[in-house]
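*Asks:* A predicted structure for the sequence below; I have some questions about it.
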Amino acid sequence: GVITERFIFESGPHGVADQRLIFREGRLWGQLILLYIVLHVTRTLISLVFYPFLKQWGYGIFWKEGVILVFGGLRGAVGLALCLINEHDINGNPYLSQEIAFYVSGICLLTLLINGTTVPYVYKALNIYPVNPFKMVYIRQALSRLEQQSRQEMEHAKEDWFFQDVDFAAILQCVPDFSQ
């Protein structure tokens, strides 16, 4: 899924700027902002309609998680894929293809710039999952085990003929000590 999404984003509608410079039309920018707002309102309404089902099925969902679902959920990969299909349609209207590509690319850009930069603050403000007081204890234990196992592996490597010319003291200086 991630590879497909990355491919769609990389092969997105790059030809828009090469043709007519429709992005200079002021009405399109206003409609883009309006579309961005309407998409969030629509996502909120859909989430509210399906909230009772989401709360009962699977792991369940709380209202704070629903806020993150609405605010952090828009990405644009499906829209970009549909835009690519439309852009390569030889029977389609080229101006309309450019306009659709402008809106889809603009929504992706606004989502990345606005939602992507502000969702950590929203998440922190909601305090969805309180910090586990034993989290650092678990992390220290895991890092200590990691350090112990890496030292054991290094001792085994010292005995191997293949690593006879390796300066293990220099390696230990370069590798961080995870037990601290």
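*Replies:* Done, it's in.
*Asks:* in this structure, which ranges drop under the pLDDT threshold?
*Replies:* Across the chain, the ranges flagged by pLDDT under 70 are 1-24, 74-77, 90.
*Asks:* which helix is the longest one in it?
*Replies:* Counting by DSSP state H, the longest helix found in the chain is helix 26-56.
*Asks:* mind listing what's buried in it?
*Replies:* For helix 26-56, the neighbour count (16 or more other C-beta atoms under 10 Å) marks 28, 31, 32, 35, 36, 39, 40, 47, 54 as buried. The way it works is simple: take the backbone N, C-alpha and C, and place the C-beta from them, glycine included.
*Asks:* cool, stretch 165-180 as well?
*Replies:* If you call a residue buried by 16+ other C-beta under 10 Å, then stretch 165-180 has these buried ones: residue 178.
*Asks:* That one: end-to-end distance?
*Replies:* For stretch 165-180, the first-to-last residue distance is 29 Å (C-alpha to C-alpha, to the nearest Å).
*Asks:* if we can go back for a sec, just put the buried residues of helix 26-56 in TSV and tack on distance to residue 88.
*Replies:* Output for the buried residues of helix 26-56, formatted as TSV (distance: C-beta to C-beta, whole Å):
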residue	distance to residue 88
28	22
31	24
32	23
35	23
36	26
39	24
40	29
47	33
54	36
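*Asks:* Look at residue 179 and tell me its secondary structure.
*Replies:* State at residue 179, reduced to three classes by DSSP: H, G, I helix; E, B strand; the rest coil: coil.
*Asks:* what residues are up against residue 72?
*Replies:* 115, 119, 122, 123 (C-beta atoms under 8 Å, 6 or more residues apart in numbering).
*Asks:* ok, residues contacting the helix or strand hosting the last one?
*Replies:* In other words, residue 123. If you go by DSSP states H and E, residue 123 is part of helix 116-126. Identification of contacts with helix 116-126 by C-beta under 8 Å, 6+ apart yields 64, 67, 68, 71, 72.
*Asks:* so what secondary structure elements neighbour whichever strand or helix holds residue 138?
*Replies:* If you go by DSSP H and E, residue 138 is part of helix 135-159. Helix 135-159 sits against helix 168-174, with contacts defined as 3 or more C-beta pairs under 8 Å, 6 or more residues apart in numbering; DSSP states H and E.
*Asks:* hmm, back to that, check which helices and strands the longest helix of the chain is in contact with.
*Replies:* Using 3+ C-beta pairs under 8 Å, 6+ apart, the elements in contact with helix 26-56 are helix 63-72, helix 94-110.
*Asks:* at 6 Å instead, please
*Replies:* Packing partners of helix 26-56 (3 or more C-beta pairs under 6 Å, 6 or more residues apart in numbering; DSSP states H and E): helix 63-72.
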